[in-house]
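Student: everything below, folded, please.
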Amino acid sequence: MKLGFVFLSVVLISFSSVLQVYAESDSVTIHEWDIPTLDSAPHDIVVGTNGMIWFTEINTNKIGMFNPDTKEFKEYDIPTPSSRPHGLVTDESGNVWFTEVGAGKIGKLDIQTETITEYLTPTLNSGPHTPIFSDQNTLWFTEQSASQIGKLDINTGNIEEFKTLIPSANPYGIITDDDGNAWFAELRGHHVGRVDAVTDEVTEYSLPTENSGPRRITIDSNGILWITQYNAGKIASFDPNTNEITEYDTSSDSSGPYAIWVDPYDNVWFSMTGIYKMGKLDQSTQKIEEYDMPSPQTHIKFIHSDDKGNIWFPNYNNNKIGVIMIDDAMQDTEADMHDDQEMSEAQGIAYYPSPLKQIQEGVKPTSVTCTEGLELVLKFSNGNPACIKSASAEKLIERGWAIHVLPDYEKSENNNSVIFTTGDYDVQTESVNYFENSKGYLAKPSADGGYPGVIMIHEFWGLNDNIKQMAEKLASHGYVVFAVDLYDGKVGTTTDEARQLRSSFEQSQWTENMNTAVSYIEENYAPSSIGSIGWCFGGGQSLNLALNNDDMNATVIYYGQLVTDTEELSKINWPILGIFAELDNGIPPETVKEFKSALDEIEVENDITIYPGVNHAFANPSGDRYAPNESKDAWQKTLAFFEQNLN
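Tutor: Prediction:
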């Protein structure tokens, strides 16, 4: 048993409170079925690996099973009297593991033999509540009464226990991440905690709203944690990588958000026991819909989704099992979309089917067409397309939940030498090992002499031939150009490949990588000055380098993610050139103008251009958004800017 841990202090970087717009919706179909045993009080529910629906009956000491195909129930008695089964989960073999809050035990129902095995927790009356697997051998669970987290090795039966740092925290819900760490919600207060899978250290994080009563916790495909705040009428998201917390208001402070789950499409579903409704947050639109439930005073303590996205729930007060049918909802949505189509045609607006419908018809995700007024993005987690309002695109891209849609990279047959002019210097190149597994591309004038240095940062795709050619062209104007490699030598040729590459690294790695490249140039070529330039993803990294290295003398940003906080930008005391596109909804003109205003306010010299009528990545000659005239003008601005500020 492990009880003592060092407190790791955490600085919450930022949080925001979002007031949502609510829509009572009839776009889903809800079915419910009566459980055979009266007053069983179904508490938690799980969709098993065999497709069966399993649930705990806390009042009658049973585990229930519902067959969604035959609509038949089966119930299993637990040996220990007054065991009060609470939470449950299934393993890879389909066996059901459950907590016995009244007996201080963990139970296992073997679905082959239909026998139940029980494991007593080391701490008596520990009150085990919610279980979850981190791998096929390790079962984590909360012990609310003892304010502990338990970990059961299902092969040996050994149980370890970990005390919460805050006394009487009452840990309730629990989830695990891809690294095997256990995250839990502390009902008493306003904290979530983590048990590190490697070190066993316990860390706790404070949510902004005090005494909000975090009850349940889940995780989406991007690794973002979602928490219900039972006492505050809110749900919250927490990014473990950045410590960013966002709180979302429901329609009522007394809505009592209880259960929470993320479906296969990254929609966040949650129950509201104070107003007897179910809620759904669509991450792509940042909009909450609320659904009335068919039975009076529906009290839902847990929810779970099947692989089709249907939402299963136990109706605690009404002794039922229910499901929100997303398949039926999709049929209703298609009917609604038909109505929208007729309306759009009447208004002279081109209408297009949903992204899912287009993909089913053979359209590539990057080629999906959205109805006018909507912007196409790809979900960062799985590469699936989404058509969303333009106003939402910037927010999602900034949070890393979505990415720009760019054509798959192919070596362009269009010779760009006319647009990106060559200078007077002959150029020599070499590949350089400079940081861990990264091999940069160095281009410099062949003639001996002292030249300014430039760190060049690739796009979303990686250090490909297009960027190497740009390094050679810039070097021909009299610069030592070091094109960095932020993907460990790998290059994406499709959007999905590039997305996976980008998700494999942390920002801290990229920052250290670029700083090492600066040091390499300084130590080997002693440049009189150093600048940076990047496009798209690299444009944002060019700004990031400026914020993390005070040896720079000039920064060029081509349509990269921006920072508008004046305190952060005050680290920069050299000129900035910004190249942006009017039609870029990821970095829209409004954000660019805020960026320029912030620079002006702190008196950082800047030259910001927003090119009209062009879109993100307009300067990439391999893409279908390539705009030659604007690219040529931007290149001339870049050369003049470096000439003025580096020579």
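Student: host element of Ile45?
Tutor: Here Ile45, judged by DSSP states H and E, is contained in strand 42-47.
Student: now Glu568
Tutor: Using DSSP H and E, Glu568 falls in helix 566-569.
Student: average pLDDT for that helix?
Tutor: The average pLDDT within helix 566-569 is 95.
Student: could you name the helices and strands sitting against that helix?
Tutor: Judged by 3 or more CB pairs under 8 Å, 6 or more residues apart in numbering; DSSP states H and E, the packing partners of helix 566-569 are helix 589-601. (C-beta placed from N, C-alpha, C; glycine too.)
Student: which strands and helices sit next to the helix it packs on?
Tutor: Right, helix 589-601 is packed against helix 566-569, strand 576-581, strand 606-611 by 3+ CB pairs under 8 Å, 6+ apart.
Student: looking at these, which is closest to Trp535?
Tutor: Of all the helices and strands packed on helix 589-601, strand 576-581 sits nearest to Trp535, with 8.7 Å by CB to CB.
Student: downstream of the strand holding Ile45, the next helix or strand is which one?
Tutor: For strand 42-47, the following helix or strand on the C-terminal side (DSSP H and E) is strand 53-57.
Student: strands paired with that following strand, and their directions?
Tutor: strand 42-47 (antiparallel), strand 62-67 (antiparallel) (DSSP bridges).
Student: out of those strands, which is closest to Leu474?
Tutor: strand 42-47 (55.5 Å).
Student: contact partners of that closest one?
Tutor: 35, 53-58, 64, 85-90, 96, 130, 301-306, 312-316, 319-321 (CB atoms under 8 Å, 6 or more residues apart in numbering).
Student: how many residues are close by the residue nearest to Leu38 when sequence neighbours are not counted?
Tutor: Computed as CB to CB, 6 or more residues apart in numbering, the closest residue to Leu38 that is not its neighbour in sequence is Asn319, at 6.6 Å. Here the count is done by other CB atoms under 10 Å, and Asn319 has 20 residues near it.
Student: so Asn319 versus Phe66, what's the distance?
Tutor: 13 Å (CB to CB, to the nearest Å).
Student: sorry, back to before: and the strands paired with strand 53-57, which is most packed in?
Tutor: For those, the largest average neighbour count (mean count of other CB atoms under 10 Å) is found in strand 42-47, namely a mean of 24.
Student: please state the offset of it from the chain centre?
Tutor: Mean-position distance between strand 42-47 and its chain equals 26 Å (CA atoms, centre = their mean, to the nearest Å).
Student: now it: average pLDDT?
Tutor: Regarding strand 42-47, the rounded mean pLDDT is 98.
Student: what's the answer for stretch 542-553, then?
Tutor: Here the average pLDDT along stretch 542-553 is 97.
Student: now do the buried residues in that stretch.
Tutor: In terms of neighbour count (16 or more other CB atoms under 10 Å), stretch 542-553 has its buried residues at Ser542, Leu543, Asn544, Leu545, Ala546, Leu547, Asn548, Asn549, Met552, Asn553.
Student: quick check: the two most widely separated of those?
Tutor: So, the buried residues of stretch 542-553 by CB to CB: farthest apart are Asn544 and Asn553, at 16.5 Å.
Student: pretty sure Thr218 contacts Trp261?
Tutor: Yes. When contacts are counted by CB atoms under 8 Å, Thr218 is listed as touching Trp261 (5.3 Å).
Student: find residues that contact each of the two.
Tutor: Jointly contacting Thr218 and Trp261 under the rule CB under 8 Å, 6+ apart are Val268.
Student: the spatially most central residue of the chain: which element?
Tutor: By CA atoms, centre = their mean, the chain has its centre lying nearest to Asn222, at 3.3 Å. Assigned by DSSP H and E, Asn222 belongs to no helix or strand.
Student: may I have the phi/psi pair for it?
Tutor: Dihedral angles of Asn222 (phi, psi; degrees, to the nearest 10) stand at phi -90, psi 0.
Student: Gln636 belongs to a helix?
Tutor: Yes. Under DSSP: H, G, I helix; E, B strand; the rest coil, Gln636 falls within a helix.
Student: thinking Asp34 is in contact with Asn319, fair?
Tutor: Yes. With contact defined as CB under 8 Å, Asp34 counts as touching Asn319 (6.5 Å).
Student: surely Leu562 touches Gly540?
Tutor: Yes. If you go by CB under 8 Å, Leu562 and Gly540 touch, sitting 7.5 Å apart.
Student: quick one: the strands in the stretch 501-647 of the chain?
Tutor: 530-535, 554-558, 576-581, 606-611 (DSSP state E, counting those that start in this stretch).
Student: now the angle from the second one to strand 530-535?
Tutor: Here strand 554-558 points in a direction 0 degrees away from that of strand 530-535 (axes from the mean of the first three to the mean of the last three CA atoms, to 10 degrees).
Student: which strands and helices lie in contact with strand 554-558?
Tutor: strand 530-535, helix 537-548, strand 576-581, helix 628-646.
Student: and for that strand, what are the contacting residues?
Tutor: Here strand 554-558 makes contact (CB under 8 Å, 6+ apart) with 529, 531-536, 538-540, 542-543, 545-546, 572, 574-579, 619, 634, 638, 641-642, 645-646.
Student: helix 537-548 and that strand, what's the angle between them?
Tutor: Using the same axes, to 10 degrees, the direction of strand 554-558 lies 150 degrees away from that of helix 537-548.
Student: would you mark the buried spots in strand 554-558?
Tutor: So, applying 16+ other CB under 10 Å, buried residues of strand 554-558: Ala554, Thr555, Val556, Ile557, Tyr558.
Student: export those to CSV and tack on distance to Thr156?
Tutor: CSV is the format used below for the buried residues of strand 554-558 (distance: CB to CB, whole Å):
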residue, distance to Thr156
Ala554, 61
Thr555, 57
Val556, 59
Ile557, 56
Tyr558, 57
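Student: quick one, helices of the stretch 101-250 of the chain?
Tutor: Counting by DSSP state H, counting those that start in this stretch, one finds no helices in the stretch 101-250 of the chain.
Student: ok, now the stretch 301-450 of the chain?
Tutor: Going by DSSP H, counting those that start in this stretch, the stretch 301-450 of the chain shows helices at 326-346, 355-360, 390-399.
Student: weakest of those in terms of mean pLDDT?
Tutor: Among the helices of the stretch 301-450 of the chain, helix 326-346 carries the lowest mean pLDDT (a mean of 42).
Student: rewinding a little: quick one: closest of the helices and strands packed on strand 554-558 to His191.
Tutor: Between His191 and the helices and strands packed on strand 554-558, the tightest spacing by CB to CB is seen for helix 537-548, at 30.7 Å.
Student: name the helices or strands packed onto that closest one?
Tutor: Under the contact criterion of 3+ CB pairs under 8 Å, 6+ apart, helix 537-548 touches strand 453-457, helix 507-525, strand 530-535, strand 554-558.
Student: still on that earlier bit, got the contact list for the residue nearest to Leu38?
Tutor: Asn319 is in contact with Asp34, Ile35, Leu38, Asp39, Ser40, Ala41, Pro42, counting by CB under 8 Å, 6+ apart.
Student: and if you look at Ile35?
Tutor: By CB under 8 Å, 6+ apart, the contact set of Ile35 is Pro42, Glu57, Gly64, Phe73, Asn319, Lys320, Ile321.
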